[in-house]
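S.K.: With the input below, show me the fold.
(one chain, ligands or ions: 1)
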Amino acid sequence: MKKDPIIAIIGLGYVGLPLAVAFASKYKVIGFDINTKRVSELQAGDDFTLEISKEELEAVLNPVNKFGLEITDDVSKIKEASIYIITVPTPTNKYNQPVLIPLEKASETVGKVLDKDDIVIIESTVYPGVTEDVCVPIIEKTSGLEFNKDFYAGYSPERINPGDKKHTVTKILKVTSGSTPESAKYIDDLYASIITAGTHLAPSIKVAEAAKVIENSQRDINIAFVNELSKIFRLLDIDTQDVLDAAATKWNFLKFTPGLVGGHCIGVDPYYLAQKAIEQGYNPEIILAGRRMNDSMGSYVSHEVVKLMIKKDGKVKNGNALVLGITFKENCPDIRNSKAIDVISELENYNLNVDVYDPWANAEEVKKEFGIKLISNEKDLKPTYDAIVLTVSHQEFLKFKIDNYISETSVVFDVKSFLPEDIIDGRL
Ligand SMILES: NC(=O)c1ccc[n+]([C@@H]2O[C@H](COP(=O)([O-])OP(=O)(O)OC[C@H]3O[C@@H](n4cnc5c(N)ncnc54)[C@H](O)[C@@H]3O)[C@@H](O)[C@H]2O)c1
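M.R.: Prediction:
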């Protein structure tokens with residue numbers, strides 16, 4: 001295992017790019033991605049995910065020292081690396097089953113360029129066992145090298161929170177692990193050299209894999225609980241946010257808020273754990289109940305909005321609705337697996353014409369992903385809407401003058417408890 005390793009990062013998305021940039025301050029890093037458009041954008045200093053600024057990217061692309069970042073879609077360029085870190089997507093299919101194809105393909109890529117004594121670290125979120133039982137056999141087969149004799153593996157889950165400029169990659173404590181005590185120590189030291197928040201060396205790769213998947217499953221279940229509370233309290237005509245504020249005064253009350261659970265982590269990772277449990281003959285009741293509750297929230301919000309519209313004698317059939325926000329979370333352009341789409345399609349089922357306004361999302365991507373013509377500029381909105389639903393708490397929406405777009409009978413619904421109470425008719 002080398003003292004001054006060259007590091008290859010495979011997959012330059014929300015996770016891979018910030019990691020590559022962080023390592024590039026102390027190591028020579030080669031970032032590899034199969035998406036040629038992404039590669040040429042990054043080579044020009046442009047990160048559409050907005051996680052890394054042009055200045056930060058240009059600083060590592062044109063380093064003043066021997067380190068820095070080279071970005072490529074040419075696999076032969078990563079051969080000189082001795083550390084390979086895989087950060088490719090781990091989505092689910094339409095049956096909510098894990099899709100490991102990108103990880104398998106990336107393992108093949110690494111296997112083709114691997115040399116003796118190299119280390120392969122997986123960062124993608126997986127269920128316990130994927131690194132050693134899925135990736136390692138592929139790497140052994142394509143490289144012809146023997147695991148734990150000729151090469152080693154590790155798992156170090158990523159915990160970044162896109163859009164969050166406070167908890168960035170080096171400021172989040174990192175869990176590490178390795179396939180032998182020596183490789184585990186080496187991997188831990190490697191991350192410790194750039195992660196200022198420190199590292200936690202887990203006793204095995206499976207423990208590290210399980211730790212990551214339960215972090216997101218725990219959040220999912222907690223959000224499902226407050227979503228259920230919201231459904232109960234709306235029936236009782238009690239404001240859920242007021243209840244949560246009161247309960248949160250107890251020192252050990254956990255602060256979670258109701259809402260839509262989209263994206264590719266919290267709404268997806270529990271299915272990875274569930275799948276593994278089912279394979280072992282165990283039915284994961286709580287995990288899947290949480291998923292069902294959270295997945296039901298989009299259509300629930302629309303039903304509540306329409307009920308309020310009917311109460312106010314608003315125009316439902318052929319009325320106009322405005323949904324504020326289509327990204328899966330606030331202050332971030334990521335639309336993958338956004339649950340705002342469930343709100344939109346259910347409102348459309350009630351024959352409402354739905355406009356979607358989001359200053360963060362990319363209109364082209366929204367058209368491609370959901371077939372929706374996104375409104376990116378406030379001046380393109382209609383003069384009045386029969387219903388306005390805030391689904392995402394982008395900072396820009398604090399300045400949005402809802403008053404200008406409503407009439408006496410309009411309904412304003414706040415999914416995120418983000419808007420002033422005096423302008424809303426309902427919230428989760
Ligand atoms: N985004 C997050 O908030 C977050 C946080 C923690 C963990 N994770 C996990 O990290 C992993 C990556 O997520 P992401 O959000 O960065 O995904 P992403 O889609 O933003 O990026 C993945 C990148 O990998 C590339 N890629 C796909 N297959 C490849 C291959 N075979 N070889 C090389 N490149 C390939 C894609 O082109 C893409 O640029 C997932 O497992 C995810 O669950 C994500």
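S.K.: Closest residue of the protein to the ligand?
M.R.: In the chain, the residue that lies nearest the ligand is Gly13 (1.7 Å; CB to the nearest ligand atom). All C-beta atoms are positioned from the backbone trio N, CA, C, and that covers glycine.
S.K.: Would you mind naming the helix or strand containing the closest residue to Gly129 other than its chain neighbours?
M.R.: Spatial nearest neighbour of Gly129, chain neighbours left out: Lys206 (6.2 Å); criterion: CB to CB, 6 or more residues apart in numbering. In this structure, Lys206 sits in helix 205-235 according to DSSP states H and E.
S.K.: helices or strands up against that helix?
M.R.: For helix 205-235, the packing partners by 3 or more CB pairs under 8 Å, 6 or more residues apart in numbering; DSSP states H and E come out as strand 152-155, strand 174-176, helix 240-247, helix 269-279, helix 285-295, helix 297-311.
S.K.: and for the last one, what are the contacting residues?
M.R.: Contact partners of helix 297-311, identified using CB atoms under 8 Å, 6 or more residues apart in numbering, comprise 227, 231, 234, 258-261, 314-316, 319, 321, 339-343, 346-347, 349-350, 352, 386-387, 389, 391, 409, 411, 413, 415, 425-426, 428.
S.K.: make it 7 Å
M.R.: With CB atoms under 7 Å, 6 or more residues apart in numbering as the test, helix 297-311 has contacts from 227, 231, 234, 260, 316, 339, 342-343, 346-347, 350, 386-387, 389, 411, 413, 415, 425-426.
S.K.: Off-centre distance for that helix?
M.R.: 27 Å (CA atoms, centre = their mean, to the nearest Å).
S.K.: swap in the third one?
M.R.: Put simply, helix 240-247 sits 27 Å off its chain's centre (CA atoms, centre = their mean).
S.K.: The lengthiest strand in the chain pairs with which strands, parallel or anti?
M.R.: In the chain, assigned by DSSP state E, the strand with the most residues is strand 406-414. Counting by DSSP bridges, the strands paired with strand 406-414 are strand 385-390 (parallel), strand 426-427 (parallel).
S.K.: sorry, back to before: buried residues in the helix holding Lys206?
M.R.: 205-206, 208-217, 219-231, 233-234 (16 or more other CB atoms under 10 Å).
S.K.: Now do the buried residues in stretch 51-65.
M.R.: Here stretch 51-65 shows 51-52, 57, 59-61 as buried, counting by 16+ other CB under 10 Å.
S.K.: before we move on, back to that, give me the subset of the contacts of helix 297-311 touching the ligand.
M.R.: Among the contacts of helix 297-311, no residue sits close to the ligand (CB under 6 Å from any ligand atom).
S.K.: Not counting its own residues, what contacts stretch 77-92?
M.R.: The contact list for stretch 77-92 (CB under 7 Å, 6+ apart) reads 2, 5-11, 13, 15-16, 19, 30, 32, 98-100, 102-103, 106, 110, 113, 117-126, 158, 190, 264, 268, 271.
S.K.: which parts of the stretch 151-300 of the chain sit against the ligand?
M.R.: Within reach of the ligand by CB under 6 Å from any ligand atom, the stretch 151-300 of the chain has these residues: 158, 160, 162, 264-265.
S.K.: which of these tops the neighbour count?
M.R.: When those are compared by neighbour count (other CB atoms under 10 Å), Cys265 ends up highest, at 26 neighbours.
S.K.: For it, which three-state class applies?
M.R.: Per DSSP: H, G, I helix; E, B strand; the rest coil, the secondary structure class of Cys265 is coil.
S.K.: Can you give me every residue that contacts it?
M.R.: Contacts for Cys265 (CB under 7 Å, 6+ apart) come out as 125, 216.
S.K.: what about it, distance to Ile30?
M.R.: Separation of Cys265 from Ile30 (CB to CB, to the nearest Å): 26 Å.
S.K.: and Val134, that's in a helix?
M.R.: Yes. Using three-state DSSP, the assignment for Val134 is a helix.
S.K.: Would you agree it is in contact with Leu100?
M.R.: Yes. With contact defined as CB atoms under 7 Å, Val134 counts as touching Leu100 (5.9 Å).
S.K.: The helix holding Lys206 vs helix 269-279, what angle?
M.R.: Put simply, helix 205-235 runs at 110 degrees to helix 269-279, going by axes from the mean of the first three to the mean of the last three CA atoms, to 10 degrees.
S.K.: returning to what we had before: so what's the residue count around the residue of the chain closest to the ligand?
M.R.: Count around Gly13 with other CB under 10 Å applied: 19.
S.K.: So what sits opposite Phe413 in the bridge?
M.R.: The partner list for Phe413 in beta bridges (DSSP bridges) reads Val389, Gly426.
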